[in-house]
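S.K.: With the input below, show me the fold.
(one chain, ligands or ions: 1)
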Amino acid sequence: MDRAESKFVAGGVLLLATIVFVKLVAALLRSGPGKRLPPTAKGLPLLGGLLRFMKGPIVMVREEYAKLGSVFTVNLLNRRVTFFVGPEVSAHFFKAPEADLSQQEVYQFNVPTFGPGVVFDVDYSVRQEQFRFFTEALRVAKLRSYVDQMVLEAQEYFSKWGESGTVDLKYELEHLIILTASRCLLGREVREKLFDDVSALFHDLDNGMQPISVIFPYLPIPAHRQRDRARARLAEIFATIIKARKASGQSEEDMLQCFIDSKYKDGRPTSESEVTGLLIAALFAGQHTSSITSTWTGAYLLRHREFLVNAVEEQKEILKKHGEKIDHDILSEMDVLYRCIKEALRLHPPLIMLLRQSHSEFTVRTREGKEYDIPKGHIVATSPAFANRLSHIYKDPDTYDPDRFSPGREEDKAAGAFSYISFGGGRHGCLGEPFAYLQIKAIWSHLLRNFEFELISPFPENNWNAMVVGVKGEVMVRYKRRKLTVDN
Ligand code: HEM
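M.R.: Below you'll find the model as predicted:
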């Protein structure tokens, strides 16, 4: 080694030593005297926690909850992730202002998919305005016109089925929901003329969201390159549609139109690229989540015939009252069906882990009265998949029982806010919840009125490998056409 080289090495060693020293001091300060830190899950340093987490996050949460209680920390690589399990400890998670607990850092991996200038690529003040655009696009007046399109799509789709047959319900419902989402969200042009192209591009975007993408969203792997090409092509397609709509002055009843017409507080209209990004975000938020939930709803109804009978009875009552017509208000009367969907979603929330980054220290108190100080810098997490099955909140929590939400029982309300968190809650609660219920009800009311079903494959399991946790394998059903009337 010559002089220059050894100087370089010595410099490197000094730098490394300084970093280690600073990290140690920071860690000591963080856990300084008087701090009541949550218990930490035992595991091999560095990789131990990560490996357990990757193998099965819910198994890990279940094991640590049993050992450590409702608040605990897991070391994942160089990050500390503190979990809050149950409504007693998760209120701050859901209600904290963005300055204290933010989404931007932990959901940053979405940026290359949604594109520049939207959602997690912009400051909170701009993001809030963009969420206002979502809220406006999902108002009841808009939902009414979306429902008409949802009903038409379901009628058209199932009219292609035969008198009887065997289908993979999961595949069928996925397809129908892409068609409906295209019509209600992406607009008539895409639905009628560009459906195949655009759904292939969305497929590439989807495929570009791998578990590795969460940590390295820009890693130059083929899936990411294809994602970037698809994002660029979608931007071109939507720019053309938006220009054509603006030039012709024509206005449509879809989310695309709402985003085109949206304006920031300072009067600035949305750009074509922002509109494209917001539509992609809407599709990512709503499409898989809704199709997974419709499949679980079907699987449970076909396994638990007593609830299927109740749901069919409700359809008869509604037929008696309103005839064949289905609209927003009629769907809103379907309480039995609502509870059947809600219960499937309690057992199988597709978003199994919600995350935030903490920017200021805060204290939580468990229901046993223990207090913990959560340091600034932790990632904080809560898990709908685990919290929705807590036995002190839900009776026989692993059993499908839609009646647990009936008046008089209302188990999710009895334990207070944030007991049922499939749609999150509080400051960032899902803006698409009413849309999702309407869409799933439009599908299942049509199916219950027009078909009899039998589940012929084994009851499905969760596909834990997917980013949005769905249904593993096929869900094969045998169907036979029937016409439900008030007398049969
Ligand atoms: C069964 C279907 C759905 C489920 C289970 C679901 C679940 C969720 C959850 C858990 C969150 C909170 C995320 C967090 O706190 O980090 C969320 C947020 C959101 N969802 Fe949904 N969602 C569904 C359907 C939809 C649909 C159909 C749309 C739009 C068309 C939508 C739009 C949104 C938006 C915009 C947010 C962000 C709200 C905010 O951060 O302020 N979702 N959703």
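
S.K.: Low-confidence ranges, the stretch 151-300 of the chain, go.
M.R.: For the stretch 151-300 of the chain, no stretch has pLDDT under 70.

S.K.: which bits of it sit near the ligand?
M.R.: When proximity is defined as CB under 6 Å from any ligand atom, the stretch 151-300 of the chain approaches the ligand at 282, 285-286, 289-290, 293. In short, each C-beta sits where N, CA and C put it, glycine included.

S.K.: And the stretch 1-150 of the chain, by the same measure?
M.R.: 103, 131, 134.

S.K.: OK, contacts around the second one?
M.R.: In this structure, F131 makes contact with L431, judged by CB atoms under 8 Å, 6 or more residues apart in numbering.

S.K.: quick one: what helix or strand has the residue in the stretch 251-400 of the chain positioned nearest to the ligand in it?
M.R.: As assessed by CB to the nearest ligand atom, the ligand sits closest to G286 within the stretch 251-400 of the chain, at 2.6 Å. Taking DSSP states H and E as the criterion, G286 maps to helix 272-303.

S.K.: now swap in F202 and tell me
M.R.: Short version: F202 belongs to helix 195-207, going by DSSP H and E.

S.K.: Just the buried positions in that helix, please.
M.R.: 195, 198-199, 201-202, 204-206 (16 or more other CB atoms under 10 Å).

S.K.: hmm, back to that, tell me the buried residues in the helix or strand just after the helix holding G286?
M.R.: Per DSSP H and E, the first helix or strand lying C-terminal to helix 272-303 is helix 305-322. Buried positions in helix 305-322, judged by neighbour count with 16+ other CB under 10 Å: 307-308, 310-312, 314-316, 318-319.

S.K.: Stretch 99-117 too?
M.R.: Here stretch 99-117 shows 100-104, 106-107, 109-115, 117 as buried, counting by 16+ other CB under 10 Å.

S.K.: confidence score at L51?
M.R.: Note on L51: pLDDT of 73.

S.K.: on that earlier part again, can you give me the angle the helix holding G286 makes with helix 305-322?
M.R.: 120 degrees (axes from the mean of the first three to the mean of the last three CA atoms, to 10 degrees).

S.K.: Number the chain from 7, please
M.R.: Shifting the count to begin at 7 puts that one at helix 278-309.

S.K.: could the buried residues of helix 311-328 be laid out in CSV, adding distance to the ligand and pLDDT?
M.R.: Converted to CSV, the buried residues of helix 311-328 look like this (distance: CB to the nearest ligand atom, whole Å; pLDDT from 0 to 100):
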residue, distance to the ligand, pLDDT
F313, 19, 98
L314, 20, 98
N316, 21, 98
A317, 18, 98
V318, 23, 98
E320, 20, 98
Q321, 21, 98
K322, 26, 97
I324, 22, 98
L325, 26, 97
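
S.K.: Next one: D8, what pLDDT does it get?
M.R.: Value listed for D8 in the pLDDT field: 48.

S.K.: One more: the one 4 residues further on?
M.R.: Per-residue pLDDT puts S12 at 50.

S.K.: and for stretch 386-393, what are the contacting residues?
M.R.: 63-64, 67-68, 71, 87-93, 96, 99, 107, 354-355, 357-364, 380, 425, 427-428, 430, 475.

S.K.: Straight-line length of that stretch, end to end?
M.R.: Start-to-end span of stretch 386-393 (CA to CA, to the nearest Å) is 15 Å.

S.K.: residues of it that come out buried?
M.R.: Quick answer for stretch 386-393 (16+ other CB under 10 Å): 386-393.

S.K.: Narrow those to those in helices?
M.R.: 390-393 (DSSP state H).

S.K.: Can you name the residue of this protein nearest to the ligand?
M.R.: For the chain, CB to the nearest ligand atom, closest residue to the ligand: G438, 2.0 Å.

S.K.: How about the contacts made by that residue?
M.R.: By CB under 8 Å, 6+ apart, the neighbours of G438 are 140, 144, 288, 291-292.

S.K.: got those residues as CSV, with neighbour count columns?
M.R.: Shown next, in CSV, are the contacts of G438 (neighbours: other CB atoms under 10 Å):
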residue, neighbour count
F140, 19
L144, 20
A288, 25
A291, 19
G292, 23
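
S.K.: quick one, the helix holding G292 and helix 201-213 angle?
M.R.: Using the same axes, to 10 degrees: helix 278-309 against helix 201-213 is 90 degrees.

S.K.: Would you mind listing the buried residues in helix 278-309?
M.R.: For helix 278-309, a neighbour-count test (16+ other CB under 10 Å) marks 278-308 as buried.

S.K.: And stretch 422-431, by the same measure?
M.R.: 424-431.

S.K.: Would you format those as TSV with pLDDT and distance to A448 included?
M.R.: Conversion of these to TSV gives the following (pLDDT from 0 to 100; distance: CB to CB, whole Å):
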residue	pLDDT	distance to A448
F424	97	29
S425	97	28
Y426	98	23
I427	98	25
S428	98	19
F429	98	18
G430	98	23
G431	97	25
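
S.K.: what about D404, helix or strand, and which?
M.R.: Using DSSP H and E, no helix or strand contains D404.

S.K.: Can you tell me the element S131 falls in?
M.R.: helix 130-143.

S.K.: Next SSE downstream of that helix?
M.R.: With DSSP H and E, the next secondary element past helix 130-143 is helix 146-165.

S.K.: Quick one: residues in contact with that next one.
M.R.: Where contact means CB under 8 Å, 6+ apart, the residues beyond helix 146-165 that reach it are 142, 178, 181-182, 185-186, 189-190, 259-261, 264, 332-334, 337, 440-441, 444-445, 448-449, 452-453, 456-457.

S.K.: I'd like the distance between the residue most central in space within the chain and S268.
M.R.: For the chain, the residue nearest the mean C-alpha position is L357 (4.5 Å; CA atoms, centre = their mean). Remark: distance between L357 and S268 (CB to CB, to the nearest Å) = 25 Å.
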